[in-house]
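A.B. asks: how would this look folded up:
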Amino acid sequence: MSIPKQLPEEMPRIGNWFTKGLGLLIVKALGWRFEGEFPREKKLMVALAPHTSNWDFVVAMPFILALKLKASWLMKQEAFFFPFKRLFMWLGGIPTDRKAPGGMAKQVATQFRENEKMWVAITPEGTRKQTAKWKNGFLRIAYAAKVPILLVAWDFPNKCIRVDSLYRPTGDQDADMYEIRKRFDKYQGRHPENQSPAVD
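C.D. replies: Next up, the predicted model:
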């Protein structure tokens, strides 16, 4: 199927019939499909992997439009200036100050508390190049905000975006990172040579 017919009421929404139609049109043109079900959760971290190419976002954006999903994302606060500030905020942008006391995790956790519904999307690798170590920022945010993590994969050989599973962090950072990376090992990005090595 292209997109799910039934979506949970808990999912944060944005857009209208035009943006949804545009997204569906692009999804059809790209020949991609969506598999899996979204959980009934008002607040989530969304971990997207494997991230190996700029094409990842070209593929993901029309699905976001078609789903009318408000997927929040992090950007340095200096980028939120007139006339773009209101647009970025509407699209789900979260301004962050890397020098603020408590760091980014505390700032995003505050945003979670102040919003009834929020799904924050992050690519854990933090780069399109191969890296043996993933950044732990998404885990620290999940711990601080006390929210589960939805694992969503780009599956390029099958031209599919897949909702893999909902992971509830244990608080053991090494164990959590290992389990999350392990669940992503079976997927292949656009440039597999750029993917992180499989975990042992």
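
A.B. asks: tell me which element residue 94 is part of?
C.D. replies: strand 93-96 (DSSP states H and E).

A.B. asks: got the CA coordinates for the helix or strand following that strand in PDB?
C.D. replies: Downstream of strand 93-96, the first helix or strand assigned by DSSP H and E is helix 103-114. What follows is helix 103-114, C-alpha atoms only, in PDB (Å, rounded to 0.1, in the frame of the first residue of the first chain):
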ATOM      1  CA  GLY A 103      22.000  20.800  26.800                       C
ATOM      2  CA  MET A 104      19.700  19.900  23.900                       C
ATOM      3  CA  ALA A 105      18.000  16.900  25.600                       C
ATOM      4  CA  LYS A 106      16.600  19.200  28.300                       C
ATOM      5  CA  GLN A 107      15.400  21.700  25.700                       C
ATOM      6  CA  VAL A 108      13.600  19.100  23.600                       C
ATOM      7  CA  ALA A 109      12.100  17.400  26.700                       C
ATOM      8  CA  THR A 110      10.600  20.800  27.700                       C
ATOM      9  CA  GLN A 111       9.100  21.000  24.200                       C
ATOM     10  CA  PHE A 112       7.600  17.600  24.700                       C
ATOM     11  CA  ARG A 113       6.000  18.700  28.000                       C
ATOM     12  CA  GLU A 114       4.600  21.900  26.500                       C
END
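
A.B. asks: next SSE after helix 103-114?
C.D. replies: strand 118-122.

A.B. asks: so the residue nearest the centre of the chain versus residue 27, what's the distance?
C.D. replies: The chain has residue 121 as the residue nearest its centroid, 2.6 Å off, counting by CA atoms, centre = their mean. Distance of residue 121 to residue 27, given as CB to CB, to the nearest Å: 18 Å. All C-beta atoms are positioned from the backbone trio N, CA, C, and that covers glycine.

A.B. asks: picking up where we left off before, touching, the residue nearest to the centre of the chain and residue 49? I think so.
C.D. replies: No: counting by CB atoms under 8 Å, residue 121 stays clear of residue 49, with 11.3 Å between them.

A.B. asks: now do the buried residues in the host helix or strand of residue 62.
C.D. replies: Assigned by DSSP H and E, residue 62 belongs to helix 55-67. For helix 55-67, burial by neighbour count (16 or more other CB atoms under 10 Å) applies to 56, 59, 60, 62, 63, 64, 65, 66, 67.

A.B. asks: out of those, who's nearest residue 6?
C.D. replies: Proximity of these to residue 6 (CB to CB) peaks at residue 67, which lies at 11.6 Å.

A.B. asks: contacts only, for the residue lying closest to residue 49 once chain neighbours are set aside.
C.D. replies: Nearest-residue entry for residue 49: residue 184, 4.6 Å, with adjacent residues in sequence omitted and distances by CB to CB, 6 or more residues apart in numbering. When contacts are counted by CB atoms under 8 Å, 6 or more residues apart in numbering, residue 184 touches 49, 50, 151, 153, 164.

A.B. asks: what about these, which are in helices?
C.D. replies: The members of the contacts of residue 184 all map outside helices under DSSP state H.

A.B. asks: quick one: which of these is most hemmed in?
C.D. replies: residue 50 (27 neighbours; other CB atoms under 10 Å).

A.B. asks: nothing else from me, thank you.
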